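S.K.: What follows is a predicted structure for the sequence shown.
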Amino acid sequence: MIIAIDGPAGSGKSTTARAVAERLGYVYVDTGAMYRTVALAFTRNGVSAESPSAGEIRELLGNMHLDMRFGPDGMQILLDGQDVTGDIRTREVTEVASRVAVIPEVRERMVQEQRDLARIQEKERGGVVFEGRDIGTIVFPDADVKVFMDASEEMRARRRYEELQEKDPDVSFEDVLSDIRARDERDVSRRLSPLRRAEDTIEIDTSDIDLHEQVEMVLRAVRERGNCTSV
Ligand code: DC
């Protein structure tokens, strides 16, 4: 069983994906973390995400080794053997990530990695939860359950602001709000795999409902698929 959860930044999809995965005994794959890690690889290798040459992209992707591990704290991501789970949560990486996410070769590689991961997880645990922007539309158009989560811009910026403040107390709400607006614009308007709703998706607006309700809505859809009677 593949559960695809898409939505913009701060829509609450990570928290929901994690909780749903826990209830089902699956792992949850944060695909945004994968794009963030590619962004870190660009920065560390001194490759500009604005206008990289075809050769630079080929070399970077050819040498880059990504590894995803799953434990009680969720997904850990390793770049060339080094755990970068914490390093990819800065504002700078966030900015670069939305730029590398428009590079066709990067998307192709990520989609391949995600499909490989799904195959392994379905075999090992019977299912997996993926969250991102193009999961239900491009990566797994035949996913068993597709969910699109959204919330007002203000609320999404507030959530991101609270997360970021733990790392960077100087960050202002206005900065986070304008970052979110710029990122939304790039995610929605990019030519390749833009953020959009899959046709057969369940829409959840998280502005007014709590986590428990969000999780129950997804689990109800899982039950309706008939594969899981124990949730
Ligand atoms: O969800 P996030 O903020 O960690 O995502 C980081 C960036 O990666 C964001 O700009 C959108 C992009 N992304 C994407 O293009 N496709 C995905 N499946 C997941 C994330």
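M.R.: Received, thanks.

S.K.: which outside residues touch the top helix by length along the chain?
M.R.: For the chain, the longest helix by residue count, based on DSSP state H, is helix 104-125. Residues from elsewhere that reach helix 104-125 (CB atoms under 8 Å, 6 or more residues apart in numbering): 1-2, 25-27, 29, 31, 34-35, 38, 57-58, 61, 66, 68, 100-101, 127-128, 130, 134-135, 138-140, 192-193. C-betas here are computed from N, CA, C, even on glycine.

S.K.: For PyMOL, write the select line for the buried members of these.
M.R.: To isolate the buried subset of the contacts of helix 104-125 in PyMOL, counting by 16 or more other CB atoms under 10 Å, use the following:
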select buried, resi 1+2+26+27+29+31+34+35+38+57+61+66+68+100+101+127+128+130+134+135+138+139+140+193
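
S.K.: So which of the contacts of helix 104-125 belong to helices?
M.R.: Reading helices off the contacts of helix 104-125 with DSSP H, I get 31, 34, 35, 38, 57, 58, 61, 100.

S.K.: Determine which two of the residues you listed are furthest apart.
M.R.: Across the ones in helices among the contacts of helix 104-125, no pair lies farther apart than 31 and 58, at 22.0 Å, counting by CB to CB.

S.K.: If you tally nearby residues, what's the number for residue 39?
M.R.: 23 (other CB atoms under 10 Å).

S.K.: Surely it touches residue 100?
M.R.: Yes: using CB atoms under 8 Å, residue 39 is in contact with residue 100, at 5.0 Å.

S.K.: what sits in contact with each of those two?
M.R.: residue 49.

S.K.: which stretches of this structure form strands?
M.R.: 2-6, 28-30, 66-71, 74-79, 82-83, 128-132, 145-150, 202-205 (DSSP state E).

S.K.: Nearest residue to residue 176 in space, please, no chain neighbours.
M.R.: residue 161 (4.3 Å; CB to CB, 6 or more residues apart in numbering).

S.K.: show me what contacts residue 42?
M.R.: 48, 49, 52, 60, 96, 100.

S.K.: then stretch 154-167 to CSV, C-alphas only?
M.R.: Included here for stretch 154-167 are C-alpha records, laid out as CSV according to Å, rounded to 0.1, in the frame of the first residue of the first chain:
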residue,chain,number,x,y,z
GLU,A,154,-0.7,32.9,7.5
MET,A,155,-1.1,29.6,9.4
ARG,A,156,1.5,27.8,7.3
ALA,A,157,4.0,30.7,7.9
ARG,A,158,3.2,30.6,11.6
ARG,A,159,4.1,26.9,11.8
ARG,A,160,7.3,27.3,9.9
TYR,A,161,8.2,30.4,12.0
GLU,A,162,7.8,28.5,15.2
GLU,A,163,10.0,25.6,13.9
LEU,A,164,12.7,27.9,12.7
GLN,A,165,12.8,30.0,15.8
GLU,A,166,14.2,27.1,17.8
LYS,A,167,17.2,27.2,15.5
